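**Student:** Got a predicted model here, sequence first, then my questions.
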Amino acid sequence: RGNSKDVDREVASVCPFCGVGCQVALKIKDGRVKQVDGIDGPANEGRLCVKGRFGYDYIHHPHRLTRPLIRLDDAPKALDVDPANPFTHFRAASWEEALDAAAGGLARLREAHGGEAVAGFGSAKCTNEEAYLFQKLIRQGFGHNNVDHCTRLCHASSVAALMENVGSGAVTATFNEIEHADAAIVIGANPAENHPVAATYFKQFAKRGGRLIVMDPRGQALKRHATHMLQFRPGADVALLNAIMSVIVEEGLYDQGYIDRFTENWDAEKQHLAGFSPEAMEPLCGIPAGTIREVARDFATARAGMIFWGMGISQHVHGTDNSRCLINLALMTGNVGRSGTGLHPLRGQNNVQGASDAGLIPMFLPDYQSVTDAAARQRFSGIWESAGFSDAAGLTVTEILDGVHAGRIRGMYILGENPAMSDPDVTHARAALAKLDHLVVQDIFLTETANFADVILPAAAFYEKDGTVTNTNRQVQMGRAAVSPPGDARPDWKITVALARRLGLDWAYDHPSQVFAEMKQGMRSLDNITWDRLEKEGAITYPCLSETDPGQAVVFGDGFPRPEGRARFAPADIVPPDELPDDDYPMILTTGRQLEHWHTGSMTRRSKVLDAMEPQANCSLHPSTLRKLGVEPGGMVRLETRRGTVDVMARTDRAVAPDMVFLPFAYVEAAANILTNPALDPFGKIPEFKFAAVRVTASPEV
Ligand code: SF4
């Protein structure tokens, strides 16, 4: 770490990793980031985790894409590059040539097969303005809504449940509100690894006597701080949550005043819960009935309670039902709309909230205005001064790749996403990418997905561009360019604008602030939030009620954005995981992130400190399981599912149940998604990353 006297200048921006959205001071020396410190942002108050503090040097990595690339005519489309010489399948090109080739290929498909032959994946790692431009390009340029991004793989089911029953997909309270709570549930989330700065607030809460109830099939670091740790059977979320709620009904612990004033469908929910006594659910969820009763009382009798959840809730075929249960629990206990209460799905990527708000989803225009709503379509056609676009909801991430296999989609524009690593059953996804007639990939590295591209456009990293991002707390924050992009790399918004113009769209943006101003025309969520204010204040929470309001940390105190202002109880039944263990595949595979590595690893594995901390692909197994397999900790195991096989180093972890294996998805050499099940939740269309039947044996590859 350097001394601050050694730096030329300091630039304030936002950490590019997780949805906490910590504000940072970037110390710059000789045009390079030399050090990163936390500053006093609303979500972090000076704190940073290891990724934010040390994971910045990927931007200066020699693997950065610095020139546009065009695939060589005879190069095979496959993930078979030589790591020592990764660019052998491409030749360098000028921007003019690459943009002509990129746009020309997409335009030819549009002419020959119609706009629906081209689809787009945007990115939750880009700015709000870039997400907005990307969805606009697909809708305006190709006339349909086949545009999506990684929200489909993380919280799509949470958003589906929240939209349906609360009327809004965002959190009802910032995570910092836990300061005013006296009970909190953290379920299906491992914040100490995935939202580490948020976790510091949870630990402080527990330290000052708050009742912290942690529920997860895996044990975790928050366990040490928890009043209760419920390590329930994987996939038994609905059974456990309904059992908790049945106690609240049975013992009359619900808030009748709140229910009468702010909700609907209570009688149906109450009746439904009668079949879920803790005693009946104990064998399913593996938690003693007495503990379920204690937890129900603890939460229901709290003066103010919050509920936090992560992808352990959302990434199931019953992910929307899981979220419905959490909403029901908050509503019946009157825990929405007051300080210290709320529903908070902890968002994953740094800008997944903002990218979703900006309309980077197939069923919604910006601000969750449905594409089926004629007035909303007309509004945006007016703002964009263009003819209309389809009134049908578009295809989601996995459906788009299925559409490629079916021959309906022949070209794609992929900005900053890595489906060749992140999609379930990734062999199927890679085959789809290889099948495309024309693939344009825009990124900062030659990702696994870029290996399949016809044209690769080199983009600026987050610390190399200006733009706004929105964190899990609904806080819109200003990201600022601190250093120049390497070589010929350009900010994503500039590249998308150049492509749009070649596709015949009359776009004339010179700065992201112009895009932000256009977004405000169609997005009421940005009322009273201006570029100038963000420049000065750094962060403003939406909704924001006036030009001097810092924004509303807690919403829905006066009712919900639903008919008659009422939230809705949505009874949920038990739906089993899609693929249950059997004699051939007797264990349960679950996947996720590690503290040190971010998503598909393209950034953090190129960061010296983070890579040194976790240099090798690994999985976690209970010590008794490893003993049974006859494998020493650090030895290799083979994981096999119906989709494929992975050999990976095993470590012991008592937090993992004896019949489970946990595999992080950041490592290409042991890609977790070779194994995962692509079965989808029917509402959120999110894949079941958290449960697949797996066989684990000692690996013959030692
Ligand atoms: Fe970055 Fe998230 Fe860590 Fe904050 S908690 S420093 S936003 S990775």
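**Tutor:** Yep, it's here.
**Student:** In the stretch 51-200 of the chain, which residue sits closest to the ligand?
**Tutor:** Residue nearest to the ligand within the stretch 51-200 of the chain: residue 52 (2.3 Å; Cβ to the nearest ligand atom). Bear in mind the C-beta positions are built from the backbone N, C-alpha and C, glycine included.
**Student:** Once you drop chain neighbours, what's closest to residue 236?
**Tutor:** residue 285 (3.9 Å; Cβ to Cβ, 6 or more residues apart in numbering).
**Student:** And for the one you found, the neighbour number?
**Tutor:** Residue neighbour count, defined by other Cβ atoms under 10 Å, stands at 27 for residue 285.
**Student:** Is it in contact with residue 240, as I believe?
**Tutor:** Yes. Counting by Cβ atoms under 8 Å, residue 285 touches residue 240, with 4.2 Å between them.
**Student:** pLDDT wise, what is residue 86 at?
**Tutor:** Note for residue 86: predicted pLDDT of 74.
**Student:** mind checking the backbone torsions on it?
**Tutor:** phi -70, psi -10 (degrees, to the nearest 10).
**Student:** pretty sure it is in contact with residue 65, am I right?
**Tutor:** No. In this structure residue 86 lies outside contact range of residue 65 using Cβ under 8 Å: 10.3 Å.
**Student:** what residues are shared contacts of residue 285 and residue 240?
**Tutor:** When contacts are counted by Cβ atoms under 8 Å, 6 or more residues apart in numbering, residue 285 and residue 240 have 232, 292 as shared neighbours.
**Student:** Please name the nearest non-neighbouring residue to the residue of the stretch 201-350 of the chain found nearest the ligand.
**Tutor:** Using Cβ to the nearest ligand atom, the closest approach of the stretch 201-350 of the chain to the ligand is made by residue 350 at 6.5 Å. Spatially, and ignoring its direct neighbours in sequence, residue 350 is nearest to residue 16 (5.3 Å; Cβ to Cβ, 6+ apart).
**Student:** What is the neighbour count of the one you found?
**Tutor:** So residue 16, with other Cβ under 10 Å, has 25 neighbours.
**Student:** What about the residue in the stretch 551-700 of the chain that the ligand sits nearest to, how many residues nearby?
**Tutor:** Residue nearest to the ligand within the stretch 551-700 of the chain: residue 598 (7.5 Å; Cβ to the nearest ligand atom). Applying other Cβ under 10 Å, we find 26 other residues in the vicinity of residue 598.
**Student:** again with the one 3 residues further on
**Tutor:** The tally of other residues near residue 601 (other Cβ under 10 Å) stands at 27.
**Student:** can you tell me the helix or strand for it?
**Tutor:** In this structure, residue 601 is located outside every helix and strand according to DSSP states H and E.
**Student:** One more: residue 458?
**Tutor:** Counting by DSSP H and E, residue 458 is part of strand 455-458.
**Student:** What is the helix or strand just after that strand packed up against?
**Tutor:** Downstream of strand 455-458, the next assigned helix or strand under DSSP H and E is strand 467-470. Where contact means 3 or more Cβ pairs under 8 Å, 6 or more residues apart in numbering; DSSP states H and E, strand 467-470 is packed against helix 128-142, helix 352-357, strand 475-479, helix 512-522.
**Student:** thinking again about what came up before, can you get me a residue count around the residue of the stretch 201-350 of the chain closest to the ligand?
**Tutor:** Residue 350 has 29 nearby residues by other Cβ under 10 Å.
**Student:** any weak-confidence spans in the stretch 51-200 of the chain?
**Tutor:** 81, 83-84 (pLDDT under 70).
**Student:** Can you pull up the residues of it that come close to the ligand?
**Tutor:** Counting by Cβ under 6 Å from any ligand atom, the stretch 51-200 of the chain comes close to the ligand at 51, 52, 195, 196, 197.
**Student:** my hunch is that the second one is in a strand, does that hold up?
**Tutor:** No. The assignment for residue 52 by DSSP: H, G, I helix; E, B strand; the rest coil gives helix, which leaves it out of any strand.
**Student:** give me every residue that touches the closest residue in space to it that isn't next to it in sequence.
**Tutor:** Closest residue to residue 52 apart from its sequence neighbours, by Cβ to Cβ, 6+ apart: residue 15 at 4.0 Å. With contacts defined as Cβ under 8 Å, 6+ apart, residue 15 is in contact with 21, 22, 23, 24, 48, 51, 52, 350.
**Student:** right, and the pair among those residues with maximum separation?
**Tutor:** Using Cβ to Cβ, the two most remote members of the contacts of residue 15 are 23 and 51, lying 14.4 Å apart.
**Student:** now the helix-or-strand element of the chain with minimal mean pLDDT: how far from the chain's centre is it?
**Tutor:** Least confident helix or strand of the chain, by mean pLDDT, DSSP states H and E, is helix 151-154 with a mean of 83. Chain-centre distance of helix 151-154: 5 Å, with Cα atoms, centre = their mean, to the nearest Å.
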